[in-house]
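Chemist: With the input below, show me the fold.
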Amino acid sequence: MLVIFLAKYVIWILLGGGLRPGLFTENNFEIMLVLFWALTVWNLEGKLTLKQWLLLTAVIFLSGSRSGVVSYFAMLCILLIRQFDWKTILKLALLGLIGVGVVGIFISRMSGGDLNSIDRVVFFQGLLIAMRDWELMDYLIGAPPLTAMPEVVCQRMQYYTTLFSAKDPSVCYSVILHSFVMRIVHDHGFFGLVFLFWATNALLKLSFVAKRVRVTVLAILFLNGLSVSSLNSVYALVGLIVLVVAPYKEKVIFLQKADHKAVTS
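Modeler: Sure, this is the predicted structure:
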């Protein structure tokens, strides 16, 4: 699958006229799926081969996705840094080189040369405007259902016409913020955000996903959610399903013991 992604991305870059490559859809979404596939292999085998790492790295950086590159960087840090010795120093040097690539992608995506040219920064500013009169309970459980964003926020986001209310084109809701994390905080508060990640971790734990992999999954979901849809994306759900249903050694042993117990009882 990584070979297919790499081939499609290379062809797209050569013939796509400057557009960002993608296999299924916008790569902000599908890169998360690729990372979850890689984590499934890691959880099954305890590692990725050098070929798999190289292919994965090429796909991530060719995508040009900021959230994808940052998520990949987090994945490397969590999976590879286990103790501090000379090997750790080499790993940190490698991560430093990748970090330079992360910065390069961020700079290349800044059309105006400053942070305000990044649309996600604009979205975050919109969230802060919507939260400026909040009280403690609002921070915990979010705004009342179907609370419209302030008019000034909608005016600033008016170029996203398809995300405005069909009934009143001048009204917009939290979906205009794009970011899953921002939308959850606005609609359900920090309690809702914590609950979603706690429930996801609990599901992965019940499915015998290793702790280090679970932490990586949550980090990827959070970092992707700062930019786009995270758990509200079919690509995240497909990736999680693959992680949950994979035949891990511990899961197979547990099921065999359960079957044996059921037969003998």
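Chemist: Can you list the buried residues in the helix of greatest length in the chain?
Modeler: Using DSSP state H, we find that the single longest helix of the chain is helix 180-206. Across helix 180-206, burial judged by 16 or more other C-beta atoms under 10 Å covers 180-189, 193, 196-197, 200-201, 204. Just so you know, the C-beta spots here come from the backbone N, C-alpha and C atoms, and that holds for glycine as well.
Chemist: Just want the angle from the helix or strand just after it to helix 180-206.
Modeler: Next helix or strand after helix 180-206 toward the C-terminus (DSSP states H and E): helix 211-225. Per axes from the mean of the first three to the mean of the last three C-alpha atoms, to 10 degrees, the angle that helix 211-225 makes with helix 180-206 is 160 degrees.
Chemist: and the following helix or strand past helix 211-225, what other elements does it pack with?
Modeler: Sequence-wise, the next helix or strand downstream of helix 211-225 (DSSP H and E) is helix 234-245. Judged by 3 or more C-beta pairs under 8 Å, 6 or more residues apart in numbering; DSSP states H and E, the packing partners of helix 234-245 are helix 27-45, helix 180-206, helix 211-225.
Chemist: now the first one, how far from the chain's geometric center?
Modeler: Mean C-alpha position of helix 27-45 versus that of the full chain (C-alpha atoms, centre = their mean, to the nearest Å) differs by 11 Å.
Chemist: Tell me the helix or strand right after it.
Modeler: Downstream of helix 27-45 (by DSSP H and E), the next one is helix 50-63.
Chemist: Only C-alpha atoms, please: export that following helix in CSV.
Modeler: Presented in CSV, the C-alpha positions along helix 50-63 are these (Å, rounded to 0.1, in the frame of the first residue of the first chain):
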residue,chain,number,x,y,z
LEU,A,50,14.0,-0.1,7.1
LYS,A,51,12.2,-0.3,3.7
GLN,A,52,8.9,0.4,5.4
TRP,A,53,10.4,3.4,7.3
LEU,A,54,11.9,4.8,4.1
LEU,A,55,8.6,4.4,2.1
LEU,A,56,6.6,5.9,4.9
THR,A,57,8.9,8.9,5.3
ALA,A,58,8.8,9.5,1.5
VAL,A,59,5.0,9.4,1.4
ILE,A,60,4.7,11.7,4.4
PHE,A,61,7.0,14.4,3.1
LEU,A,62,5.8,14.2,-0.5
SER,A,63,2.2,14.8,0.8
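Chemist: can you list the domain ranges for the chain.
Modeler: 2-109+190-264, 115-178 (automatic domain parsing).
Chemist: Where among these is average confidence lowest?
Modeler: Lowest mean pLDDT of the domains of the chain: domain 2-109+190-264, a mean of 81.
Chemist: Great, nothing more from me.
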